[in-house]
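Trainee: okay, sequence plus prediction incoming.
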Amino acid sequence: MSKQEKLKIESKDTRKKLETNEKFQKKSLDFIENLANKEGNNDWIAKSLAGLDSNRAWEMREKLLEQKTDKGYIAQGLAGLDSDKAWEMREKLLKLETHKGNIAEGLAGLKSDKAWEMRKRLLKLGTNTGYLSRSLAGLDSDKAWKMRKKFLDKGSDKSSIAMGLSGLKSDKAWEMRKKLLELGTNKNYIIESLIGLKSDKAWEMREKMSKKEKRRDSIAKSLAGLDSDRAWEMREKLLEQGAGKGYIARGLAGLDSDRAWEMREKLLDKGCHKGDISMGVYGNYMMAGVRKAKIDQKK
C-alpha cells in the first residue's frame with residue numbers, strides 16, 4: 001500500500017470519528033437538557049458541559065450565566081476547550097471575580113501557550129496549588145512534570161496531585177502514583193486517576209483496591225471511558241457490592257454504547273441523582289481534560 005493510500009484511509013477514519021463524536025455530543029446535550037428540565041439544577045448542568053464546544057453548548061452556558069448559576073461551575077465546565085470562545089469566557093469570568101481555583105480546573109487537558117500563561121497568572125494571583133495540580137490532568141509533558149514536582153516539593157495537597165495524574169499511563173505517572181501511596185496520599189484519589197486506563201497495571205490496582213469497601217466508589221468512577229466486557233463486569237460487581245449509584249453513573253462518562261445508555265436509564269429508575277447521571281454522559285472536567293489531551297497527542 002502506498003503512502004498516499006494510507007493517508008486517505010487515515011483521513012477517512014478521522015472523519016468517521018469526528019462524525020461519531022458530533023452525534024454523541026448532540027445526544028449528550030439532548031439528554032442533559034431533558035434531565036435539566038426535570039430537575040432544574042443549573043450547577044450540575046454547567047459542570048456537565050465540560051468538553052462541549054458546539055454553538056448549542058455555548059448558548060446553554062450564556063443562559064446559565066444569566067440565570068446566576070455558580071460561575072465557578074461554569075468555569076470548571078470549560079475544561080478541554082481551547083477555542084476563542086472559551087478564552088473569552090475565562091476572561092469574562094475572571095472579571096466577574098469567579099473562584100480562581102475553578103478557573104484553573106477548567107484548564108484541564110490544555111497544553112497551549114495560552115493555558116500555560118493562565119496557569120502562571122493564576123499562581124501569581126494566589127490560586128491554591130491544589131487546583132492548579134488538577135488542571136494538569138491528561139498532561140504528560142516536561143512542563144507538566146516540572147510543575148507537579150515543584151508543587152510536591154512545596155507541600156501542595158497530595159490528593160490534588162494524584163487527581164492531576166488522571167488518564168496518564170507513562171512510567172513517570174506510575175512512579176508518581178507509587179510515591180504518593182508511600183507518602184500516605186488518600187488512595188481514593190489515586191484510584192480515580194485511572195480514568196480511561198485499560199493497562200494491566202490499572203486493572204491490577206482496581207482489583208486489589210476493590211477488596212476494601214471504602215474504595216469501591218472511586219473504582220466505579222475510574223471506569224469512565226471504558227466500554228470493555230471487563231469494565232462492565234466490574235460495574236455490575238460493584239453495584240452488587242453496594243457501590244454508590246452516583247459513582248457508577250459518573251463512571252459511564254464518555255460512553256455512547258447501547259449498554260451505557262441502558263445503564264443510565266436503569267440508574268435513573270433506581271433514584272440515582274440526576275446530577276450524577278448528567279456528569280456521567282459526556283463527562284466532568286477531569287474526563288474532558290483527559291479526552292482533550294488524548295486528541296492532542298494523536299495529532
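Mentor: Yep, it's here. Numbering: from 1, shown residues only.

Trainee: quick one: the helices in the stretch 1-150 of the chain, in order.
Mentor: 3-39, 42-48, 55-66, 71-76, 84-95, 100-105, 113-124, 129-134, 142-153 (DSSP state H, counting those that start in this stretch).

Trainee: what's the last one packed up against?
Mentor: Other elements packing on helix 142-153 under the criterion 3 or more CB pairs under 8 Å, 6 or more residues apart in numbering; DSSP states H and E are helix 129-134, helix 158-163. Using the backbone N, CA and C atoms, a C-beta is placed for each residue, glycine as well.

Trainee: how about a cut-off of 10 Å?
Mentor: For helix 142-153, the elements it packs on are helix 113-124, helix 129-134, helix 158-163, helix 171-182, judged by 3 or more CB pairs under 10 Å, 6 or more residues apart in numbering; DSSP states H and E.

Trainee: picking up where we left off before, closest one to Lys299 among the helices of the stretch 1-150 of the chain?
Mentor: Checking the helices of the stretch 1-150 of the chain against Lys299 by CB to CB gives helix 3-39 as the closest, at 9.9 Å.

Trainee: count of residues packed around Lys179?
Mentor: 13 (other CB atoms under 10 Å).

Trainee: now Met89
Mentor: By other CB under 10 Å, 23 other residues sit near Met89.

Trainee: that one contacts Leu64, doesn't it?
Mentor: No: using CB atoms under 10 Å, Met89 is not in contact with Leu64, being 11.1 Å away.

Trainee: which neighbours do these two share?
Mentor: Residues within reach of Met89 and of Leu64 at once, by CB atoms under 10 Å, 6 or more residues apart in numbering, are 74, 77.

Trainee: can you point out the buried residues in stretch 50-62?
Mentor: Using 16 or more other CB atoms under 10 Å as the test for burial, stretch 50-62 gives 50-52, 57-58, 60-61.

Trainee: I should have written stretch 128-143 there, sorry.
Mentor: Judged by neighbour count (16+ other CB under 10 Å), stretch 128-143 contains these buried residues: 129-140.

Trainee: CA atoms of that stretch as CSV?
Mentor: Written as CSV, here are the backbone C-alpha positions of stretch 128-143 (Å, rounded to 0.1, in the frame of the first residue of the first chain):
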residue,chain,number,x,y,z
ASN,A,128,-4.2,27.4,45.7
THR,A,129,-1.7,25.0,44.0
GLY,A,130,-4.1,22.1,44.5
TYR,A,131,-6.4,23.5,41.9
LEU,A,132,-3.5,24.0,39.5
SER,A,133,-2.4,20.4,40.1
ARG,A,134,-5.8,19.2,39.0
SER,A,135,-5.5,21.4,35.9
LEU,A,136,-2.7,19.1,34.7
ALA,A,137,-5.0,16.1,34.1
GLY,A,138,-4.0,14.3,30.9
LEU,A,139,-0.8,16.2,30.5
ASP,A,140,2.5,14.2,30.3
SER,A,141,4.8,16.9,29.1
ASP,A,142,8.0,18.1,30.7
LYS,A,143,6.3,21.3,31.6
